[in-house]
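Participant: Fold the following.
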Amino acid sequence: MRWVRSYKSLSKPSLVFTRALVITLAGNVVLSVIKGLAAYLSNSSAIFADTVNSLSDVVYSLFLAAGLWLSHRPPDRSHPQGHSRFEPIAALAVTMTMSFAAYEAARSSIVRFSTGAQPLVIGLPLVILLIAAGIKVVMYLVIHRTAETSRSPGLDAAAKDNLADVFTSAAAALGVLGAVYVHPLFDPVAGFLVAVWILRSVIEMAKENLGYLTGAGASQELLDRFVDAVKIIDNVNDVHHVITEYAGPKLLVDMHINVDGRMSLDDAHIICDHAVETLEAFPEVDRAYVHVEPIGHT
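Facilitator: Predicted coordinates for the structure are as follows:
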């Protein structure tokens, strides 16, 4: 039966995913603690905004772990197409926690700006911010590499969040330096810019993962690659009626091909299987369905 066939990313990435999730969760917990210490010691709105962002990262790490575990369960009778749609749901949960972080960062910065910023204490807090940025760079490189090889939208969202955190920590550090050496209001301004940067990342990730959940199709460039790859198969006369749809992070492809109507059913079936294998060799494709028709039918 069709449902017993697991989709292509099921068997291989479990250990890789586990390592990526452990790195994400442990790194975010450590960063939340040290940034919280820096915010307490410095009384900085920018560092507080960055701390809230790291706390939201801990929450999304838990959502991500649950979503990835569910998405890699094999197909069954209740989900014959697999459970891959749970992963973009987890990625959307990431955007929700990041949205809260953006709101809290903006709120605290506006309050501090409106009440008049006070002089800040630098030294250890600034060192902590720089260390945090360095940790996030390492986390981004590791998670991004894993997301690319596994084509995981959940890990891709986590990687993008790590990269955004590098910039938020840098912005917080610049805000602290500006507040000390130029004017105290530099700090809440930097905190507000951190909030804007987080919100920008939220919008990009939400748009991508909503596409995975609402049946978005492949780009025209990818469609052309599918058609070109099948057209060069021996005895394929034409390709038409190509429909694609994301089922989670990978595509379902439905394609019609034309062959000589006088050939035997066995030969036509061999060509059909070859077309299916060609399409499913694309890393973007989960499953392909190919319909064989005689030349002249559309």
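Participant: going forward, measure contacts and count neighbours with C-alpha atoms only.
Facilitator: Noted.
Participant: average model confidence for the helix or strand hosting residue 23?
Facilitator: Assigned by DSSP states H and E, residue 23 falls within helix 14-42. Helix 14-42 shows a mean pLDDT of 81.
Participant: One more: stretch 93-101?
Facilitator: Mean pLDDT, stretch 93-101: 75.
Participant: got the CA coordinates for that stretch in PDB?
Facilitator: Output of stretch 93-101 as PDB, limited to C-alpha atoms (Å, rounded to 0.1, in the frame of the first residue of the first chain):
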ATOM      1  CA  ALA A  93       5.400  28.600  16.000                       C
ATOM      2  CA  VAL A  94       9.000  30.000  15.800                       C
ATOM      3  CA  THR A  95       7.600  33.200  14.100                       C
ATOM      4  CA  MET A  96       5.000  33.600  16.900                       C
ATOM      5  CA  THR A  97       7.600  33.500  19.600                       C
ATOM      6  CA  MET A  98       9.800  35.900  17.600                       C
ATOM      7  CA  SER A  99       6.800  38.200  17.200                       C
ATOM      8  CA  PHE A 100       6.400  38.400  21.000                       C
ATOM      9  CA  ALA A 101      10.100  39.100  21.300                       C
END
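Participant: ok, and for that stretch, which residues are buried?
Facilitator: Along stretch 93-101, these residues count as buried under the neighbour rule (16 or more other Cα atoms under 10 Å): 93-101.
Participant: element containing residue 246, please.
Facilitator: Going by DSSP H and E, residue 246 is part of strand 238-247.
Participant: got the end-to-end distance for stretch 113-125?
Facilitator: One end of stretch 113-125 to the other measures 20 Å (Cα to Cα, to the nearest Å).
Participant: Out of the buried residues of stretch 93-101, which is nearest to residue 170?
Facilitator: Using Cα to Cα, residue 101 comes nearest to residue 170 of those, at 16.7 Å.
Participant: Does that closest one touch residue 59 like I think?
Facilitator: No - counting by Cα atoms under 8 Å, residue 101 does not reach residue 59; the two are 10.8 Å apart.
Participant: Give the buried residues for the helix holding residue 23.
Facilitator: Using 16+ other Cα under 10 Å as the test for burial, helix 14-42 gives 17, 20-21, 23-25, 27-29, 31-32, 34-39, 42.
Participant: Please confirm that residue 286 is located within a strand.
Facilitator: Yes - the assignment for residue 286, made by DSSP: H, G, I helix; E, B strand; the rest coil, places it in a strand.
Participant: right, and it touches residue 252 too?
Facilitator: Yes - assessed by Cα under 8 Å, residue 286 is found in contact with residue 252 at 5.9 Å.
Participant: Would you format the buried residues of stretch 93-101 as a markdown table with secondary structure included?
Facilitator: Listed next are these as a markdown table, based on three-state DSSP:
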| residue | secondary structure |
| --- | --- |
| 93 | helix |
| 94 | helix |
| 95 | helix |
| 96 | helix |
| 97 | helix |
| 98 | helix |
| 99 | helix |
| 100 | helix |
| 101 | helix |
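Participant: Give the partner strands of the strand holding residue 246 in its sheet and their orientations.
Facilitator: Applying DSSP bridges to the sheet, strand 238-247 is found paired with strand 250-259 (antiparallel).
Participant: Report the next helix or strand after the partner strand in sequence order.
Facilitator: Counting by DSSP H and E, the element after strand 250-259 in chain order, helix or strand, is helix 265-280.
Participant: who touches that following helix?
Facilitator: Here helix 265-280 makes contact (Cα atoms under 8 Å, 6 or more residues apart in numbering) with 226, 229-230, 233-236, 253, 259, 285-292.
Participant: buried stuff in that helix?
Facilitator: Neighbour-count burial for helix 265-280, with 16+ other Cα under 10 Å as criterion, is recorded at 268, 271-272, 274-276, 279-280.
Participant: averaged over its residues, what pLDDT does whatever helix or strand comes next after the helix holding residue 23 have?
Facilitator: Counting by DSSP H and E, the element after helix 14-42 in chain order, helix or strand, is helix 45-71. Mean per-residue pLDDT for helix 45-71: 75.
Participant: ok, residue 124 - how many residues close by?
Facilitator: Residue 124 sits with 13 neighbouring residues when counted by other Cα atoms under 10 Å.
Participant: which residues touch it?
Facilitator: By Cα under 8 Å, 6+ apart, the contact list for residue 124 reads residue 38.
Participant: any idea how far it lies from residue 39?
Facilitator: Using Cα to Cα, residue 124 is found at 10 Å from residue 39.
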